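*Asks:* sequence first, then the predicted structure, then my questions.
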Amino acid sequence: MPLLSLESEPVVVSTPVLASRVKVNVAANFLGKAWVGVTSLAFVPLYVRFLGVEAYGLIGVYVALQTIFSLLQSGSGVAFSREVARAIPSTDAEKLPDLLRTMEAILWPFAGVIMLVVAALAPLLAHSWLDVSALPTADIQSAILVMGLGIAFQTPFALYSGGLVGLQRHGILNLILAGTATMKYAGGILVLWLFSPTIKTFFLWQALAELVQTLFARSATWRLVQALRAGRPRLNLSLLRDKWRYAAAISGISLFAPLASQVDKLVISKILPLGMLGYYMIAVVAANGLFYIAYPLSLAVFPRFAELAARSDERDLVRLYHKSCALMSMIMWPSALALAFFAPGILALWTGDPQIVKYSGPVLSILAIGTALNAMTILPHSLQLASGWTRLVLYTNAVATLLLIPLVYVLTLRFGLPGAAAAWIVLNIGYVISYSSLMHRRVLRGERDEWLLHDVIAPLAAAVITIGTCSLLVPRDFETGRVLLGAALAFLLAIAASSAATKGGRRWLLSYWREFAPGKV
């Protein structure tokens, strides 16, 4: 079924070209993220077979470290993206080459520092933190050292990807992401098969892929930025004078947000066997596939949010905000609920492993709901950052992290893996209710009820009723293929129901019916 266009009703824009870029960027991001998501999910069963579930648990440690060490890179990437989006329509665009040179002169040395810090942590993690039964400690320590290399290579990528987003060259960025994802996942399987099926080999290949991705993004960004002004770019620290507070705030957000999202993995790695973390990570990878739906939309509208906020064009900003939030709900809720209700059948088809279905199935059902709740806050979060207001999300993430650590610990001890996943739902319910309410007191005042009732709750209720009813009609003793057929049908019906539950969706469906109704074809 065609998706609701972000421009499905008239919107006053600066130029037709700028207005149409949102649709083009959404399409590019969906295609790119879809490819990355499919490749990352498709090869998980093979990785588990080559490495074993315990070694696969080390990938959870890698993801946690990778996210936590995103402190400075996230701040630089979002700040540079915002500055590019604001500068392009003005004469300030001539300063962007110098700004890029200055920011990367700071970020590349920081990447080296990250590598040294991970190297220092390797003995502690290998000998004292992880509960391992089959893997030799020396192999784990060497694997963690290689993790540091991969994290260091990835660190500058945020700066260059932020530049491509700000320049609204999402097609180029997604070509890079799709190509390197193929290298990471498909190439990784070939390396394990042809050379050495060890966890160290896996991380060495991942590090090489991260380096290739960063170098391609750097080349593309510099080619576009240098076209804005003739002459050699210079190091100019004075350009950071007005940007460092914003970048520092984003970095502060990036300190607490990763902790909030990675606490469950860190706690599991400490109090449960590493093999349990492996089962948990399989569910995490599947649930995170939902973000490949959410982030393309966020990336596409962020530069437009920044442009409209800079112009104080609240009328267009309100329209774009509600359309994008409604579109997020229309896609996200059916996807997440289909994944949650039919998790065992999906895992059975995906992995073919009864143990994975047993341990990962309940976790996946819970994580899918929590991830959908988290996705509902992505666009409000993007709007807040585009408006230059960072304090709320910084404080919210700090409080959430402090509350989440004991919550995850207690629930994991009491209920095991499902308990750790349940904490993710609790966290995101708090985000949806409190964070969004506080944000709408300052940004787009008076729009909270419209967002909560019409953009979130209405499509959620429609999707719950539709998929819940369909799940009751699908017998659990059916073979996997028929259960998945029922899941696919439930998903499509939920898409239609969620679309009908939103204002923009109803307009689109009505216009579609008027055009193709019987007697008009």
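*Replies:* Received it, and whenever you're ready, just let me know what you need.

*Asks:* surely Ala386 meets Arg311?
*Replies:* No - between Ala386 and Arg311 there is no contact under Cβ atoms under 8 Å: 11.7 Å. (Each C-beta comes from the backbone N, C-alpha and C, glycine too.)

*Asks:* so these two - more neighbours on which side?
*Replies:* The neighbour comparison of Ala386 against Arg311 (other Cβ atoms under 10 Å) goes to Ala386, with 25 against 13.

*Asks:* wait, what's in contact with that one?
*Replies:* 82, 302, 305-306, 309 (Cβ atoms under 8 Å, 6 or more residues apart in numbering).

*Asks:* against Ser261, how distant is it?
*Replies:* In this view, Ala386 and Ser261 are 21 Å apart by Cβ to Cβ, to the nearest Å.

*Asks:* what's the answer for His127, then?
*Replies:* Using Cβ to Cβ, we find His127 at a distance of 26 Å from Ser261.

*Asks:* who has more neighbours out of these two?
*Replies:* The neighbour count for His127 versus Ser261, taken as other Cβ under 10 Å, is higher for Ser261 (22 against 12).

*Asks:* next structured bit after the one helix or strand that one maps to?
*Replies:* Per DSSP states H and E: Ser261 is located in helix 244-271. On the C-terminal side of helix 244-271, the closest following helix or strand by DSSP H and E is helix 274-288.

*Asks:* what packs against that following helix?
*Replies:* Applying 3 or more Cβ pairs under 8 Å, 6 or more residues apart in numbering; DSSP states H and E, we find helix 274-288 packed against helix 16-42, helix 44-51, helix 53-68, helix 244-271, helix 343-351, helix 354-376, helix 417-430.

*Asks:* how much does the fifth one deviate in direction from helix 44-51?
*Replies:* If I follow you right, that is helix 343-351. Here helix 343-351 points in a direction 60 degrees away from that of helix 44-51 (axes from the mean of the first three to the mean of the last three Cα atoms, to 10 degrees).

*Asks:* ok now helix 343-351, how far from the chain's centre?
*Replies:* Centroid separation for helix 343-351 versus its chain: 22 Å, with Cα atoms, centre = their mean, to the nearest Å.

*Asks:* that helix packs against which elements?
*Replies:* Helix 343-351 sits against helix 44-51, helix 274-288, helix 354-376, helix 480-501, with contacts defined as 3+ Cβ pairs under 8 Å, 6+ apart.

*Asks:* do that again at 6 Å, thanks
*Replies:* Here helix 343-351 touches helix 354-376, helix 480-501, going by 3 or more Cβ pairs under 6 Å, 6 or more residues apart in numbering; DSSP states H and E.

*Asks:* and the helix or strand just after the first one, average pLDDT?
*Replies:* The helix or strand immediately downstream of helix 354-376 is helix 378-386, counting by DSSP H and E. The pLDDT scores in helix 378-386 average 84.

*Asks:* what angle do helix 378-386 and helix 354-376 make?
*Replies:* Using the same axes, to 10 degrees: helix 378-386 against helix 354-376 is 50 degrees.

*Asks:* and the next helix or strand past helix 378-386?
*Replies:* Next in sequence after helix 378-386, counting helices and strands by DSSP H and E, comes helix 391-415.

*Asks:* list the buried ones in that next one?
*Replies:* By neighbour count on 16 or more other Cβ atoms under 10 Å, the buried set for helix 391-415 is 392-394, 396-398, 400-401, 404-405, 407-409, 411-412.

*Asks:* low-confidence ranges, the stretch 401-521 of the chain, go.
*Replies:* Applying pLDDT under 70 to the stretch 401-521 of the chain picks out residues 475-481, 504-521.

*Asks:* let's see that with 90 instead.
*Replies:* Along the stretch 401-521 of the chain, segments meeting pLDDT under 90 span 401-405, 424, 427-428, 430-450, 452, 454, 470-489, 496, 499-521.

*Asks:* now swap in the stretch 1-150 of the chain and tell me
*Replies:* Applying pLDDT under 90 to the stretch 1-150 of the chain flags the ranges 1-107, 109-111, 114, 121-141, 143.

*Asks:* ok, Leu130 - contacts?
*Replies:* Residues near Leu130 by Cβ atoms under 6 Å, 6 or more residues apart in numbering: 269, 274.

*Asks:* and it, how far from Arg442?
*Replies:* 44 Å.

*Asks:* ok, Ser81 next?
*Replies:* Ser81 is 22 Å from Arg442, where distance means Cβ to Cβ.

*Asks:* distance of Leu130 from Ile405?
*Replies:* To Ile405, Leu130 is 19 Å away according to Cβ to Cβ.

*Asks:* one more: Phe341?
*Replies:* For Phe341, the distance to Ile405 equals 30 Å [Cβ to Cβ].

*Asks:* what of Ala209?
*Replies:* On the measure of Cβ to Cβ, Ala209 and Ile405 end up 32 Å apart.

*Asks:* go on, Glu447?
*Replies:* Glu447 sits 33 Å away from Ile405, going by Cβ to Cβ.

*Asks:* could you do Leu373 as well?
*Replies:* 19 Å.

*Asks:* just Trp222 next, same as before
*Replies:* Noted for Trp222: a distance of 41 Å to Ile405, by Cβ to Cβ.
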